[in-house]
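Chemist: Any chance you can model this:
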Amino acid sequence: MGNNTSSESSSIPLKSNINLEDNKATVLFKQETACNSKQVTYRIPALIYISKDQTFLAFAEKRKTADDADAEVLVMRRGSWKDGKNEVEWDSGHQVLTACLPNHRSMNPCPVYESDSKTLFLFFICIPKGVSEKDQKKQKKNQARLCYITSKDTGKTWNDITDLKDVISEKEKNWATFAVGPGHGVQIKSRLIIPAYAYCTSCCCSPCCCLSCCCFTPYALAFYSDDKGSTWKAGKQMAVESCECQMAEIIDDKGKNTLYCNARTRLGYRTEALSYNSGEGFDKVLPPKKLIDTGEGCQGSVLSFVGQSSPPKTWLLYSHPSDPKNRVNLGLYLNKSPWDSSGWPEEPLLILHRGPSAYSDLVEYEPGHFACLFECGKEHEKEEIAFRLFKLP
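Modeler: Numbers count the residues shown, from 1 in each chain. Model prediction:
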């Protein structure tokens, strides 16, 4: 598949009617040693498919080390879907994007495509170099900036960075720090949605509570635009713990649409919630403890698509490490009734990667045909970011 170095897959379908398009995964970003003998690591995958150009865009963070505080810039690779060959041909090398502010590091790529204006938005956050998440929590002061760049030619060229400091100016008074995604955003009817989360200060003020470990809880929210991305607003934060998240529009058999959110927690299970006002708030939290969250939590991807039902309605796909304790065995889960968390199976339909694996991002590129960009490796999950195709019957 493609013209890239491929790694042998040990993925094993758990059900024979789930089909991998190829028996190999294509490695797009790989941990390497730079010319100065220092290690370079790539983390935090984000994936989008632009159907009009049959183009995949794969994004990641380039870091000095695997540590969050050592993130530097965002990078991208372009892949062309070759229908007749049933493969993706990737450009050689990666493009370093101008998605940055002076003396800041760029993190959490989150792309979304506005189909009417044919504009690709790449959202991300910028944080001052040398300032960690722990530093912001200790100071109880957000220093992350909400930014985006846009492209009209499927990522070949990009416009200058836009800093949306006014959008978060009121919200951030109660935030220790925040981030978007990571992973893709969504367009629902005339609204663009960027998933996000923010840590809010909630100190217990007990004598044993030191400043550096003050109580902070993440709560998910959506940034949204109703004018094709010209202006943006921040929605209301969820009422329960909900960290890194992705969102999807689900439509029932009567045509009613709802915005679904699937978020990471430290509680051993995922938070799932529904918004009936397209992201302005998430008032219905689904019963918890159905979907596991690995260890102290791990990002996962969620994607809605039109299922094989009559009348047609949307189903949900979800990718996440399937082990409850360790980041291993990236699983794919299917829910045919996403308004009800009980619709998720106990076991994954497919193991996309057997072994160390972590963050991922899903897209549908043709009806019933999907792609996943994911962190994986043989010894640990931060060795490489790979891409693979699969389909459902």
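
Chemist: thought Ala144 was touching Val180?
Modeler: No - using Cβ atoms under 8 Å as the test, Ala144 is too far from Val180 to be in contact (9.3 Å). Using the backbone N, CA and C atoms, a C-beta is placed for each residue, glycine as well.

Chemist: For stretch 154-172, list every residue counted as buried.
Modeler: For stretch 154-172, a neighbour-count test (16 or more other Cβ atoms under 10 Å) marks 154-155, 158, 161, 164, 167-168, 171-172 as buried.

Chemist: Check stretch 148-155 too.
Modeler: Neighbour-count burial for stretch 148-155, counted by 16+ other Cβ under 10 Å, picks out 148-151, 154-155.

Chemist: from these, which two are the most distant?
Modeler: Tyr148 and Thr154 (16.2 Å; Cβ to Cβ).

Chemist: ok so, going back, out of the buried residues of stretch 154-172, which comes closest to Tyr269?
Modeler: Of the buried residues of stretch 154-172, the one sitting nearest to Tyr269 (Cβ to Cβ) turns out to be Lys171, at 26.9 Å.

Chemist: residues touching that closest one, list them.
Modeler: Applying Cβ atoms under 8 Å, 6 or more residues apart in numbering, we find Lys171 in contact with 198, 234.

Chemist: Overlap in contacts, Ala144 and Val180.
Modeler: In contact with both Ala144 and Val180: Ile125, using Cβ under 8 Å, 6+ apart.

Chemist: Identify, from the buried residues of stretch 154-172, the entry nearest to Asn329.
Modeler: When those are compared for distance to Asn329 (Cβ to Cβ), Gly155 wins out at 31.7 Å.

Chemist: tell me the secondary structure for that closest one?
Modeler: Here Gly155 is coil, with the state taken from DSSP: H, G, I helix; E, B strand; the rest coil.

Chemist: Next up, the contacts around it.
Modeler: Gly155 touches 55, 57, 76, 78, 95, 120, counting by Cβ under 8 Å, 6+ apart.

Chemist: again with Cys298
Modeler: Each residue near Cys298 by Cβ under 8 Å, 6+ apart is listed here: 264, 320-321, 327, 358-359.

Chemist: what do you get if the cut-off is 6 Å, keeping everything else the same?
Modeler: Neighbour list for Cys298: 321, 327, 358 [criterion: Cβ atoms under 6 Å, 6 or more residues apart in numbering].

Chemist: I'd assumed it was in a helix, is it?
Modeler: No - applying three-state DSSP, one finds Cys298 to be coil, outside a helix.

Chemist: how close does it sit to Tyr359?
Modeler: Distance of Cys298 to Tyr359, given as Cβ to Cβ, to the nearest Å: 7 Å.

Chemist: what's the answer for Cys376, then?
Modeler: Applying Cβ to Cβ to Cys376 and Tyr359 gives a distance of 10 Å.

Chemist: So which bits of stretch 78-85 are buried?
Modeler: Here stretch 78-85 shows 78-79, 81 as buried, counting by 16+ other Cβ under 10 Å.

Chemist: Looking at those residues, spot the one nearest Cys245.
Modeler: Nearest member of these to Cys245, counting by Cβ to Cβ, is Gly79, at 25.7 Å.

Chemist: My guess is that closest one contacts Trp90. True?
Modeler: Yes - if you go by Cβ atoms under 6 Å, Gly79 and Trp90 touch, sitting 4.4 Å apart.

Chemist: Let me know how buried Ile251 is, in neighbour terms.
Modeler: The number of residues packed near Ile251 is 16, by other Cβ atoms under 10 Å.

Chemist: Same question for Ala58.
Modeler: That count, for Ala58 with other Cβ under 10 Å as the rule, works out to 28.

Chemist: start at 714 instead
Modeler: Shifting the count to begin at 714 puts that one at Ala771.

Chemist: And the strands in the stretch 964-1106 of the chain?
Modeler: With DSSP state E, counting those that start in this stretch as the criterion, the stretch 964-1106 of the chain has strands at 970-976, 984-988, 997-998, 1014-1019, 1027-1034, 1041-1048, 1063-1079, 1082-1089, 1097-1104.
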